[in-house]
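Novice: Got a sequence here, can you model it:
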Amino acid sequence: MSSSTERIALDVADGTTMSAYVARPRSGGAAGMMVFQEAFGVNAHIRSIADRFAELGFVAIAPELFHRTGPGFEGSYTDFEGAREHMAGLRPEGLNADIDATYAWLRTRGLDARRIGAIGFCMGGRVAYMANARAELGGAVSFYGGGIVPDLLGLATAQSGPILMFWGGLDGHIGPDQYRAVSDALTAAKANHEQVIFSQADHGFFCDARASYNAIAARQAWALVKEFLAAYGLQ
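Specialist: Numbering: from 1, shown residues only. Sure thing, here's the model as predicted:
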């Protein structure tokens, strides 16, 4: 399926303007996907994920969550310190406003709420979990979403759609105590969730631009993502 891409500007409720990368099928697209970035910006990897979804028939939008502190920021995977100041500038109220603006843009495209999903990686995995608690979604996917424990565990009771969560068994940033706490909170809330742990995968295993890339885990995870979206009627 052929697709097209563009950059757009979104007005956010706090008065800021947020750039976003959009990829969509040339035929229009009947489903939408919010793609939330890692700490390294809406870089080539995140754009490629949006492109993948466009090839599957989604209108995919990747908003620049660092637009308040570093518009256009694209950091190096070997320089986390360069991203730290932008990470420190994130606030829940700002992220919620960014989610609202991104979701509203998809809704104005005429997409039904239950045909809109969210996916995110690392800090974006946390934002996908937040989005699934804030907006009416057909489903969400979170890859190694750090920062959910402990402050956001309460959002487990507000998850609107099913959520698929991936974790790396070798992840030194997010240990078993954290992903088990997330799973326990979702189970206690009777939320529809699936937890997948790749025992031999590290943090960032899905990104082929990172040293921690694990081709086997990434291939399996992508197959599960597509099956999850199809099972719940998004694809």
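Novice: Give the rounded mean pLDDT of stretch 63-72.
Specialist: Per-region confidence: stretch 63-72 scores 97 on mean pLDDT.
Novice: can you list contacts of that stretch?
Specialist: 10, 12, 16-20, 34, 36-37, 41-42, 73, 85-86, 89-90, 94-95, 98, 101-102, 123-124, 127 (CB atoms under 8 Å, 6 or more residues apart in numbering). Just so you know, the C-beta spots here come from the backbone N, C-alpha and C atoms, and that holds for glycine as well.
Novice: Read off the pLDDT value for residue 1.
Specialist: According to the model, residue 1 scores 61 on pLDDT.
Novice: Checking the spatially most distant residue from the centre of the chain next. Helix, strand or coil?
Specialist: Relative to the mean C-alpha coordinate of the chain, counting by CA atoms, centre = their mean, the farthest residue is residue 27 (24.3 Å). Look at residue 27: counting by DSSP: H, G, I helix; E, B strand; the rest coil, its state is coil.
Novice: Would you mind measuring from it to residue 54?
Specialist: Distance of residue 27 to residue 54, computed by CB to CB, to the nearest Å: 10 Å.
Novice: Let me see the ranges of the strands in this structure.
Specialist: Assigned by DSSP state E, the chain shows strands spanning 3-11, 17-25, 31-36, 58-63, 116-121, 139-143, 163-168, 193-198.
Novice: which one of those strands lies closest to residue 106?
Specialist: strand 31-36 (3.9 Å; CB to CB).
Novice: Can you list the strands that that closest one pairs with?
Specialist: Here strand 31-36 has these sheet partners by DSSP bridges: strand 58-63 (parallel), strand 116-121 (parallel).
Novice: Quick one: those strands as TSV, columns for distance to residue 2 and mean neighbour count too.
Specialist: Formatted as TSV, these follow (distance: least, CB to CB, whole Å; neighbours: other CB atoms under 10 Å):
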stretch	distance to residue 2	mean neighbour count
strand 58-63	14	28
strand 116-121	22	29
